[in-house]
Each structure stands twice: as C-alpha cells, then as structure tokens.
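Student: My questions are about this predicted structure, shown below with the sequence.
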Amino acid sequence: MTTEAAMTISPKNRKPEVMRITEWSGNHHPENLQALQDKITETNTSTAIAIRALNFYYGTARALVDISLDIPKNEITAFIGPSGCGKSTLLRCINRLNDLIEGARVEGRIEVQGQDIYSPSVDVINLRKNIGMVFQKSNPFPKSIYENVAYGPRIAGVRKRTELNEIVERSLRSAALWDEVKDRLNASALGLSGGQQQRLCIARAIAVQPQIILMDEPCSALDPIATAKIEELMLELKKNYTIVIVTHNMQQAARVSEYTAFLWLGKLIEYDHTNKIFTNPAKKLTEDYITGRFG
Amino acid sequence: MLSNFKHSAPKGATTNKMQSFWKSGNAFIWLTGVAAVIGLLMIGGLIVLILRNGLGIFWPDRIEELTLKDGSKVLGEIWNREEIPQAAQPTSRVRMKIGNRDFYGLDFRWINEADIEARRYPDSVFVLERQAWGNFFGYAIALSQSGQTIAKGSRQIAAALPKHLAQAGRLLKQINHLEKKVIGDINYDIEQHRLAIKGLNLRTHDLDRSSQIQEIEMAIAALQDEYNRHEDHLEHLREQGNTYQLTIQTVDGQTKTISLLEIVRAFQPNQMSWRDRAGLYLSRTWEFLTSEPREANMEGGVFPAIFGTVMMVLLMSLAVVPFGVLTAIYMREYAKQGPLVRAVRIAVNNLAGVPSIVFGIFGLGFFIYTIGGTIDKLFYPEALPAPTYGTGGILWASLTLALLTVPVVIVTTEEGLAAVPRAMREASLALGATKFETIWRVLLPTASPAILTGLILAMARAAGEVAPLMITGVVKLAPSLPLDGHFPYLHLERKFMHLGFHIYDVGFQSPNVEASLPMVYATTLLLIVIVLTLNLSAILLRNQLRRRFSAGQL
C-alpha cells in the first residue's frame, strides 16, 4: 500500500509562511514524511482544513487509506469518486460525525485552523458549531420554517426574539429562500418543495455562522432547476465560507469547484485544480473515471 | 387463449381441479373473511346488547294489573315472557317486577299466562321511587299534613303532590347539605384537632404543651357546640319534612304511611304522554350520572365511581408517561445495544403478560406496606395504628396500574424513537447540539405521536382493570371523594369507587342481584363510554401532533 503524499494547492499571490508541524500518527516511510513536510512548508495561512495521513476504519474494514490533503479557505473543494470510495466518510471525519458510528476508528490528523480536531481537548460540540453540514437528502426538522433556522442559534444560547428574527432573516436571505417563505415562516418546513427544503437546510447550517460548510451530495435528490439554484448559492456563499462538497455529478464538480479530489477505494488518487483534473489529469485512473470508463 | 392458462397443470393429473382450487387461495380468502365477520358480529352484538339493556332502563314502562283466576291481583311491570318447555299445552309465563320490597320481600314474580283472568292498565296507578325499599307500585289513598288529610283520591293527590314533593326535595337538600357538608366538615376539623393533640403528646417533651393542648381542647369544645347546634337544626328540619305524609295502598289492600322525605320521585306512568316519559327518562339519566348511590348501590347514581375512574386513569397517565418515556430513552438512546439491553427489552415485553392480580399483590406489598407504611411512620405517627398511607388508596392504585401499563409505553416510545430518521439526529448534532438537546428538542417532539399511542393503549387497559384495584384501594362505597374542599384539596390516600368494581359489586355482591341487573348494564355502558371518551381525546391529540410532526415528506 503506497502512501499518497499530501497534495497541496498553492493559490496565486501566496505568501509562503512556515507552518508548525507537530507529530502525526500514521505509518509513514521517512522519505514520504519528508516530502510531505516540504509540501506543507509551502502551505500558507489560507488553508482551512489540513488532513494528514488519515486512516479510517469501520470495525476492521479500512474505509480511508492514508489521506492527506489541504483544503483552501473561501473556495469550493469537491470530492468525487465512485460509490463507496469513501468521499462521504472523509467529509464526515471533518465534523466528527463519524464518532456516532459504533466501532469506527480514526488514525491520523485533521487540522481545522491549525487545531487538531481529534485531540482529546477538543470540544466536539464547539467544533460542529464551526462546521456546518448539508446532507444528501434534505432533512428539515418537523418544525416550522422559522424554528428550523432558529434551532442552531437557540442551541448556541441566543434567547432574544429580535436577535433570532434577525438571524433567521439573514440566513434565509443568504440561502436565497427569504422571498419565497417570508410570508409563511410559521408554516411547517415539511410543506416546502425538495429544493426549498435543501436551501432551508443550508440556511439552517449558516445560521450558526460556521467557517466551513460541508455538503454531502446536496443536489442528488433535486431536479436541474433546483440544482442550478443551489449551485448559484454555493458560488455566492464561498465569499464567506469554505465549502467542501461531495458529489456524484462530475459536471457539478466542474461547474462549481475550484479544486477537486478524486478518491478511489478509500485512497486519494489525485487532487488538483478542477481545471487540471478535468482537462489533463496526471493519473490514468482519474482520466478513466472522468471519461466514464468506470464508476 | 385464456383457457390455456387456466388448465396449465400437467395433463392426466386427477386432482387437477382440487389442487388448483386450493392453490388459487379462494378458500383461504373465504376463511379470512369469515373470521373477520365473526369478530365483527361479536363486537356488534355486544354493543347492541349493552346499548339495548343499558339505555332502556330509565324509560318509564306502563304498569299492568293482572287479575288471576284465584281472584288475587298483581300489579307491576312485565319484564319478559317465555315459553314453558315441555308443557302439555303450548303456554307461556311472564316475569313481572312487582316492587314493594317492604311488603313482598321479592322484586319479581313469575306468573303462568294460563292463570290470568284479566289484564288492564289502571290510570290511577302511582309509582314511587323511594330512598329505601326500592320502587312502590300501587295506589295513593291520602295526603296528610300533621295528621290532617289535605287531599284524597288519586286525582286530588296527583294535583297536590308535585308542590309538596318539591318542598320536601328542598328540605332534603338542606338536610343532606347539613349532614354531609357542614357536619362532615366539623367532624373533619375535630379529627384534625384530635390528631394534633396526639401529635403533641408524641413529639413534645416540654411542659408548655399542656397549655397548647388546652387551647386545642377548647377549640374542639367549640366545634362540639357547633355540632350540637347543627344537629338540633337537622332534627328540626326532619320534623318539618315529616309533617307531610302519604298513605299508600298496594293492589292487594295493604296500606302504609310514608313521609314525603322518603319519596325521590312520584309519577303515574299509565297517564303519561311521550313527552312526560322523555322528561322522566332524562331526569333519571341525569340522576344516574350525577348523584350518589343508595340502597346498597342498587339504585341512585354512580357519580363517585365515575369520578374515581377518571381520576385514577388521569393519575395513572401522569405516572406512566414520564416513567415509560425516560426508560425508553435510556434503553434506545443511551444504553449500549447488547445482550443486556436485549434481555431487558424481552423482560419488559413479558411484563405486559403478567396477570394483573400479580401486579395488585406487588402494589399491596411494595407501595402500600413498604412505602405507605414508611410514610405513615415518618409523617403521620399520631394517627397510628390507624394507617393513613399504609392502606389502599387512589395513589397506590394508580401507581400499581402505572406499573401494569408501563411496558406498553416503553415499547411504543422505543419504536417511536427508533423511527426518527437518522438524518434528523445528524442534522441536529451537526448544528452543534448535544445528545441531550437532540433528544429533548428533536427526538421527543417527533416521537410524541408514538408516545401518545402508548398512552392510549395504557389508558384503555388501565380503565378496564379491576382485579389489582380490589387490593389496592377500591371500595364499594367511599365516604368522600379524593378531591374536596379540605386542605390540601387532593387526598391521594383516600379510598375510591370505580365503575368496573361497581359492576362487579352490583352484579354479584348486591342483596338482590336480579333487580340490580339493569344497573349493571347501565354502568357497563357508562364505563365503555368513558373509556371511549378518554381514548378518543388522546387519539385526537395524537392526530394533531402527527400532523405537526409527520416525519415523512409531503
């Protein structure tokens, strides 16, 4: 099993800065480690999430193999790959939602803003407040539209009605849903259409003002028009948020993302600018997948 | 073409048709249909039987006078008629309710139709519903005031009686108020003071307790004076009521003079129009629902039993929902799913199959003797050896029933929690909610229809349960309701009456089972109506919640 070196994206006009490197777990060969360190040294402050030598196990089955990659700030990064390749698992490692699965085990390191999120001192609840998530199937709570958006802020301790109203309006506006629902905020969220529900879930996620938004195939259950709306919204949101999206739809990855990671059987095969992945992939496997020869 | 399909079995098979008949499943469809129809018929028959017998009993029937061949006369309501089996000539007999328990000792009499000479419906017949001795069927001879006759003959009496009966009714109300409320309150206060003295003697050792005791004794003396005054007043009222007397005569000539205070209702059924009958029907039904029983529960109303039943079911609900829901949350959300939790789950399911009387015994041993006994020792030592909580009461009965029904609530709540989509939990957790917040704000509201389903099943079972109540606090006749005007208003230690037990008591334990049968039907009907009402309200609430929290996509 070969270790993939961390593939670091260097945005233009970067200011090289030395990033502190601490010890990681994982089984690396010294030379690979060195290469990795070199790469990371080039990393600048605009890295939002740094994944290092990540292994993930469901019981004894290894779902992710030595994944290392840097996700840049305020950009959209897409994970693509065939079903079961581990892209959703990788996404769920970032907000530690995999903790809930019995028998799941993580090796390696994920740094969000320089802090290892798997270190024992990390407060998972706080972490999740900083990392919003949108799921494959829209999953609004069986509450009113207003209560859905206000759920996160309420949990976070916002009690004042005026403040809540403001947050709800701002979040719904950001999710481009306000004009459609402003007259029926107290109606059940379950009465919205699929696309509206998904945008409501996005509004709910950004109501707690996270830094990062994880999207797990957010458009797979939507029609093309609703999909277009969500994509438009994502491009708008990336000004303020770092977005990581898992998608089955390669056109979608090509349309919205700046960077694309291709995973296959739990391994990171290639990670680069989306343009490069789709026009001139470095690996044969990537090319085969992109051109539809398998997957 | 089609026939080819029909007979696709291999040629030469002799049982071909038979086989295909069985395979087609037509016989099975019939079997399932018949099973369903039999079930429906039994339920329908039960409802019709109870409705017919339960609704009819308050309707005033006409009174028939039979002249027998031996010259004697019989007066009463005809109840039923049956063929005499194996008689030489086809003939039948009728069963008459003859009432007048004080004259005849029996309520019913069988008469062979062959012995009847003549039948008629005399207009002047009076029916008197009385406080004691049951109904009187007969004639009114005279109405007197302090020995002076003021009305004679049925017409005059019928004209004068309503006014005087209304007056007697008002007096009776006053008397009842004095007896039950005023004197009852004084007795209650005196008892409290006595207990206070006992308590002082038990607890205090210093000398000034004697002055305190003296104070209380003075209060008791004052109360005793008041009691005597009310007693005198009561005596006076009774005398006033007894000035009016009615002389009545049975059909065979026996006479008796009774006070108007003894008469609950007087009417002449053979003269009544439909409207009068309907009015009487409603007034009797109202009496049944709102007043207390008399004549060893065989007559009067069942209000204390209605109150006891509803209150017990509500108390049980208050206990069973939190207990069951908390248990279910632990088992489904917090406990590590493994052999132990599975074993507990099986045990809980089996608990639902334990005979209810076993729960009754457990309630007696655990709640009443252990917990109740301890409460008495700690908080009510002055009343001992007479127990306060250490004896059956509505609280212990409700808790016993809560134990009996908690498995249902646990099972349905667990199913409800399990049915909440995983995506909903993850959505909440991904927003930074803790597990507790997720349970409290998302899972419980979403599972609330399932919780209410559990409560409905629990209430249905609890309202119909009698056996465990008989050893945990139900009585034939409770002196006071568990809710009244005395501080602290809610008396959970009190014994109570229950419709289910009432049915058993009236139907099997009363001095005259035959005569009280209509009461049994009416009470049964009422119990069913109450259970249905409780369930229906819970179902409506659940449907409303379901609309709000339906987890499915619209």
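Tutor: Structure's in. What do you need?

Student: how near is A:Phe189 to A:Ala150?
Tutor: I think there's a mix-up here, since residue A:189 is Ala and not Phe. Shown here: A:Ala189 relative to A:Ala150, a distance of 12 Å by CB to CB, to the nearest Å. C-beta coordinates here come from the backbone N, C-alpha and C atoms, glycine included.

Student: What of A:Tyr58?
Tutor: Going from A:Tyr58 to A:Ala150 by CB to CB gives 35 Å.

Student: Looking at those two, which has the bigger crowd around it?
Tutor: Neighbour comparison, A:Tyr58 and A:Ala150: the larger count goes to A:Ala150, with 23 against 15 (by other CB atoms under 10 Å in any protein chain shown).

Student: Chain B versus the more buried one, what's the distance?
Tutor: Per CB to the nearest CB, to the nearest Å, A:Ala150 is found 11 Å from chain B.

Student: which ones are touching the nearest residue to that residue once chain neighbours are set aside?
Tutor: In space, and not counting its chain neighbours, A:Ala150 is closest to A:Leu164: 5.0 Å by CB to CB, 6 or more residues apart in numbering or on different chains. Counting by CB atoms under 8 Å, 6 or more residues apart in numbering or on different chains, A:Leu164 makes contact with A:150, A:153-154, A:158.

Student: Just the element for A:Leu164, please.
Tutor: In the assignment (DSSP states H and E), A:Leu164 maps to helix A:161-174.

Student: now that helix, how far from the chain's geometric center?
Tutor: Chain-centre distance of helix A:161-174: 24 Å, with CA atoms, centre = their mean, to the nearest Å.

Student: just to revisit the earlier point, could you report the pLDDT at the residue nearest to A:Ala150?
Tutor: Here, the pLDDT recorded for A:Leu164 equals 91.

Student: tell me the secondary structure for the residue in the stretch 101-250 of chain A that chain B sits nearest to?
Tutor: Scanning the stretch 101-250 of chain A for the residue nearest chain B gives A:Lys129, at 3.4 Å (criterion: CB to the nearest CB). Each residue gets one of three states, and A:Lys129 gets helix by DSSP: H, G, I helix; E, B strand; the rest coil.

Student: nearest residue to it other than its sequence neighbours?
Tutor: Nearest non-adjacent residue to A:Lys129, counting by CB to CB, 6+ apart: B:Gly432, 3.4 Å away.

Student: Tell me which helix or strand that neighbour sits in.
Tutor: In the assignment (DSSP H and E), B:Gly432 maps to no helix and no strand.

Student: thinking it is in contact with A:Arg154, fair?
Tutor: No. In this structure B:Gly432 lies outside contact range of A:Arg154 using CB atoms under 8 Å: 10.9 Å.

Student: More neighbours: which of those two?
Tutor: Taking neighbours as other CB under 10 Å, B:Gly432 and A:Arg154 compare with B:Gly432 leading, 23 against 19.

Student: ok, which stretches of the stretch 1-150 of chain A are strands?
Tutor: Applying DSSP state E, counting those that start in this stretch to the stretch 1-150 of chain A gives strands spanning A:47-58, A:61-72, A:76-80, A:104-112, A:115-116, A:131-134.

Student: can you confirm B:Gly138 is in a strand?
Tutor: Yes. B:Gly138 forms part of a strand when assessed by three-state DSSP.

Student: Contacts only, for it.
Tutor: B:75, B:100, B:125-126, B:248-251.

Student: Tabulate those residues in JSON lines, adding columns for distance to B:Asn135.
Tutor: Shown next, in JSON lines, are the contacts of B:Gly138 (distance: CB to CB, whole Å):
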{"residue": "B:Leu75", "distance to B:Asn135": "11"}
{"residue": "B:Asn100", "distance to B:Asn135": "8"}
{"residue": "B:Val125", "distance to B:Asn135": "12"}
{"residue": "B:Phe126", "distance to B:Asn135": "10"}
{"residue": "B:Ile248", "distance to B:Asn135": "12"}
{"residue": "B:Gln249", "distance to B:Asn135": "15"}
{"residue": "B:Thr250", "distance to B:Asn135": "12"}
{"residue": "B:Val251", "distance to B:Asn135": "14"}
